[in-house]
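S.K.: need a structure here:
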Amino acid sequence: MADELKTDLRLAFKDTGEIDLDWGGDTGALPVSGKDNLVQALTMRLIVYRGHLEQLGHQRYGSRVAELIGEPLDRPNLELLRRYVRQALKEDPRVQEVTSLSVSARPGMPGAVDVRAGIRAITGDEVELGLSLDLG
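M.R.: As a prediction, this is how the structure comes out:
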């Protein structure tokens, strides 16, 4: 069922916050398929500002998460962030259902938010997504 979840180039998410292609030495850029590709694609969808790829014909790609940068991480804003994340995840055509979603401020780290989601793919596969966002 990997074809339904597609194949793409694997990305390397660095501790510095940079993202680059994952180069496999002499073999060139490495591929990513199936559930791993879905997790990578959903991660990218969440961290790209909605509308940022408009000039490439993808005006609705991305999320509204960046609208909350610098805002207090109080209960209303965390709920708004949770809705933004859910909306972005559901916009990927490979996502059948968001089965669980939690968004929580990280204690002692102003602006840091942990996002955890359970997703049922169109293949029926269960996928877990976890990432931290810096909204400070």
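S.K.: quick check: next helix or strand after the longest helix seen in the chain?
M.R.: Scanning the chain for the helix with the most residues, using DSSP state H, yields helix 75-90. Of the helices and strands lying after helix 75-90 in sequence (DSSP states H and E), the nearest is strand 95-105.
S.K.: what pLDDT, on average, does stretch 95-109 get?
M.R.: Stretch 95-109 comes out with an average pLDDT of 96.
S.K.: give me the distance between K35 and V95.
M.R.: 12 Å (C-beta to C-beta, to the nearest Å). From N, CA and C alone the C-beta is placed, and that goes for glycine too.
S.K.: now for these two: what residues contact both?
M.R.: Residues touching both K35 and V95 by C-beta atoms under 8 Å, 6 or more residues apart in numbering: A121.
S.K.: quick revisit: list the helices and strands the longest helix of the chain packs on?
M.R.: Contact here means 3 or more C-beta pairs under 8 Å, 6 or more residues apart in numbering; DSSP states H and E; on that basis helix 75-90 packs against helix 34-47, strand 95-105, strand 112-121.
S.K.: switch those over to CSV; also include mean neighbour count and distance to R82.
M.R.: Formatted as CSV, those follow (neighbours: other C-beta atoms under 10 Å; distance: least, C-beta to C-beta, whole Å):
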stretch, mean neighbour count, distance to R82
helix 34-47, 19, 12
strand 95-105, 16, 4
strand 112-121, 18, 8
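S.K.: kindly reformat these as JSON lines containing distance to L81.
M.R.: As requested, these are arranged in JSON lines below (distance: least, C-beta to C-beta, whole Å):
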{"stretch": "helix 34-47", "distance to L81": "10"}
{"stretch": "strand 95-105", "distance to L81": "5"}
{"stretch": "strand 112-121", "distance to L81": "7"}
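S.K.: chain center to stretch 86-103: distance?
M.R.: Distance of stretch 86-103 from the chain centroid (C-alpha atoms, centre = their mean, to the nearest Å) equals 10 Å.
S.K.: same question for stretch 128-136.
M.R.: For stretch 128-136, the separation from the chain centroid amounts to 8 Å (computed by C-alpha atoms, centre = their mean).
S.K.: buried set for that stretch?
M.R.: For stretch 128-136, the neighbour count (16 or more other C-beta atoms under 10 Å) marks 129, 131, 133, 135 as buried.
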